[in-house]
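In: I'd like to go over a predicted model; first the sequence, then the structure.
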Amino acid sequence: MTIGIIGAMEEEVTLLKESMNVVTTRNVIGCDFFVGSVEGSSHNIVLVRSGIGKVNAALCAQVLIDIFAVDSVINVGVAGAIDRTLKVGDIVISSDAIQHDFDTSALGDEPGYISRMDTSIFAADINLIDAATDAVEELGLVPNIGRIASGDQFIADLDSKHRIQTLFNPLCCEMEGAAIAQACYLNKIPFVILRVMSDTADGDGDVDYEQFFRESAKTAGNIVNNMLTILK
């Protein structure tokens with residue numbers, strides 16, 4: 001099985017890249033795709049740093065599917081907590097994903113609704129969810145499974161946080177996952193999103209993000225490394 005892994009920023013893929021036995025690197029759409037394996041896993045791995053945002057993420061997902069023929073996709077990184085019970089360092093595994101900034105409500109649609117698609121909520125693969133859950137628990141951490149909302153915005157004010165919470169009820173928000181989920185859904189490729197909370201999306205974004213980003217990204221990388229050894 002070939003597994004594609006997408007992280008938006010360098011810090012989100014550094015640990016994974018360092019743990020890989022990289023056989024080859026291929027540059028496509030301006031991104032380096034690292035092909036290889038990790039110790040303890042029989043799977044082929046293709047790792048890419050997509051850059052920030054939904055378009056970058058979806059492009060990389062499609063490249064993984066079309067050029068590298070991946071069988072599944074893992075999106076890894078950090079996120080801002082939306083659910084009030086979550087704190088910095090907590091872990092969220094996607095049950096599904098939705099775009100919080102897709103809005104044609106002026107035409108009478110519900111916020112988040114994607115015109116001419118049969119769904120706007122993309123369900124993660126249960127086997128990948130289970131593997132991610134086991135990987136988190138084996139590291140002595142607590143998994144939180146629920147919805148992840150994505151948009152091309154860094155959420156750092158209470159009004160935006162409350163809007164997302166009220167309309168979509170996600171555990172957290174970030175800037176790539178739902179776009180990857182949509183690409184995978186359309187291509188019938190299983191996916192899961194794994195996020196570690198780096199901030200609480202409530203007005204202290206600058207302080208929290210700078211302080212906790214690298215630590216959260218490292219935790220996410222460790223979880224995915226463990227997940228790769230669990231997946232059969």
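Out: That came in fine, so what should we check first?
In: pLDDT-wise, which helix or strand of this structure ranks last?
Out: Ranked by mean pLDDT, DSSP states H and E, the weakest helix or strand in the chain is helix 205-230, scoring a mean of 81.
In: centre of the chain versus that helix, how much separation?
Out: 11 Å (Cα atoms, centre = their mean, to the nearest Å).
In: next one: stretch 154-169
Out: For stretch 154-169, the distance to the chain centre is 18 Å (Cα atoms, centre = their mean).
In: Next: stretch 63-71.
Out: Distance, centroid of stretch 63-71 to centroid of chain: 17 Å (Cα atoms, centre = their mean).
In: wait, D125 sits on I193?
Out: No - look at D125 against I193 with Cβ atoms under 8 Å: they stay out of range, at 10.7 Å. Glycine gets a C-beta too; all of them are placed from N, C-alpha and C.
In: Name the residue in these two with the higher neighbour count.
Out: Per other Cβ atoms under 10 Å, whichever of D125 and I193 has more neighbours is I193, with 31 against 17.
In: Let me know the helix or strand that the more buried one is in.
Out: strand 191-199 (DSSP states H and E).
In: those strands in this structure, which residues are they?
Out: 2-7, 20-28, 31-38, 44-49, 72-81, 91-99, 122-123, 143-150, 172-174, 191-199 (DSSP state E).
In: Identify each buried residue in the first one, please.
Out: Spelled out, it's strand 2-7. Within strand 2-7, the residues that count as buried by 16 or more other Cβ atoms under 10 Å are 3-7.
In: by contact count, what packs against that strand?
Out: With contacts taken as 3 or more Cβ pairs under 8 Å, 6 or more residues apart in numbering; DSSP states H and E, strand 2-7 sits against helix 10-19, strand 44-49, helix 54-66, strand 72-81, helix 205-230.
In: Can I get the ones you listed in a markdown table including mean neighbour count?
Out: Formatted as a markdown table, those follow (neighbours: other Cβ atoms under 10 Å):
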| stretch | mean neighbour count |
| --- | --- |
| helix 10-19 | 19 |
| strand 44-49 | 24 |
| helix 54-66 | 22 |
| strand 72-81 | 28 |
| helix 205-230 | 19 |
